[in-house]
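Undergrad: I would like the atomic coordinates for the input below:
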Amino acid sequence: MTEKSFESKEIEYPKWCKGKGEVSQYLPNLLDFASKNYERHTNWFLKHRDTALTQLTALITAEIVIRQFLDPGKNSIQLIFILLSIFSFILAGSGHRSCNRCFRASLENALLINKIIWIMGLSNKVNVNFDPDDIINAPAADDETFFVERYVTDSYNSKTTKEYLKKHLINKGKTTYFWGLVTIWTLGIAGFVIGIAFTVLK
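TA: Numbers count the residues shown, from 1 in each chain. Predicted coordinates:
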């Protein structure tokens, strides 16, 4: 009888993990901190997006009103149109940067939440202390994971925070962030084109 030898495979822990040991008692506090930060940065992203859209809409309205009620042939009015055109791009760029910073911070905290959930053992299956008769009433009993499955699998597909951020920041057509930037730049370009057109068409 041939004796089989098996090589023990060394477990590769995440680089941010020391190894198996006692879990920090401060994880619930960190989870609360990350959750509040996620909410705060998400709200700031929405505020910056709405502010940029409001400012650009006001700028386009101002261009139309000036064209309607003032003499477009005057040099001073043409200068105003040129300045408004330039300012339209500045507003769009500023809104883009502000939205990017806030949404990036929001994603970083979302990933931190997933890390904490994983460490606490809540991202897969969990033990429960119920009578067998009560188990049938469990909500979403056919889910494979206790935590929201798409959050779990989404974070598993990224090896680094940088990769996670890149994937979500360029996730075209599927995020509020993407469509927010599309709308901001659409209004920004519209404000620029309208301003230049009103300058040329006296």
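Undergrad: Which strands or helices does the host helix or strand of Ala34 pack on?
TA: Element membership for Ala34, per DSSP states H and E: helix 27-69. Applying 3 or more C-beta pairs under 8 Å, 6 or more residues apart in numbering; DSSP states H and E, we find helix 27-69 packed against helix 75-119, helix 176-200. Heads up, the C-betas are built off the backbone N, CA and C, glycines and all.
Undergrad: per-residue confidence averaged over it?
TA: On average, the pLDDT along helix 27-69 is 95.
Undergrad: follow-up on the earlier one: and Lys166, which of the helices and strands packed on helix 27-69 is closest to it?
TA: Lys166 lies closest to helix 75-119 among the helices and strands packed on helix 27-69, at 10.0 Å (C-beta to C-beta).
Undergrad: center of the chain - which residue?
TA: Phe103 (3.6 Å; C-alpha atoms, centre = their mean).
Undergrad: Now find how far off-centre the helix or strand of the chain with the lowest mean pLDDT is within its chain.
TA: Ranked by mean pLDDT, DSSP states H and E, the weakest helix or strand in the chain is helix 132-135, scoring a mean of 72. How far helix 132-135 lies from its chain's middle: 40 Å, per C-alpha atoms, centre = their mean, to the nearest Å.
Undergrad: what does stretch 15-31 give?
TA: That offset, for stretch 15-31, works out to 25 Å (C-alpha atoms, centre = their mean).
Undergrad: Skipping adjacent residues, who's closest to Thr175 in space?
TA: His168 (6.6 Å; C-beta to C-beta, 6 or more residues apart in numbering).
Undergrad: ok, that neighbour to Ser158 distance?
TA: 9 Å (C-beta to C-beta, to the nearest Å).
Undergrad: Neighbour count for these two, which is higher?
TA: Neighbour totals were compared for His168 and Ser158, and His168 leads with 20 against 16 (other C-beta atoms under 10 Å).
Undergrad: that older thread, what strand or helix carries the residue nearest to Thr175?
TA: Counting by DSSP H and E, His168 is part of helix 161-169.
Undergrad: which sections of the chain are below the confidence cut-off?
TA: 1-11, 72, 132, 172-173, 202 (pLDDT under 70).
Undergrad: quick revisit: which strands and helices sit next to the helix holding His168?
TA: helix 75-119.
Undergrad: next one: the helix it packs on to chain centre, how far?
TA: Distance, centroid of helix 75-119 to centroid of chain: 12 Å (C-alpha atoms, centre = their mean).
Undergrad: what's the angle from it to helix 27-69?
TA: In terms of direction (axes from the mean of the first three to the mean of the last three C-alpha atoms, to 10 degrees), helix 75-119 departs from helix 27-69 by 160 degrees.
Undergrad: tell me what helix 75-119 is packed against?
TA: helix 27-69, helix 149-156, helix 161-169, helix 176-200.
Undergrad: looking at those helices, which is buried most?
TA: Of the helices and strands packed on helix 75-119, the one with the most neighbours on average (mean count of other C-beta atoms under 10 Å) is helix 176-200, at a mean of 18.
Undergrad: Give me the contacts around that one.
TA: 45-46, 49, 52-53, 56-57, 59-60, 63-64, 66-67, 72, 78, 81-82, 84-89, 91-93, 95-96, 99, 103, 168-169, 171-173 (C-beta atoms under 8 Å, 6 or more residues apart in numbering).
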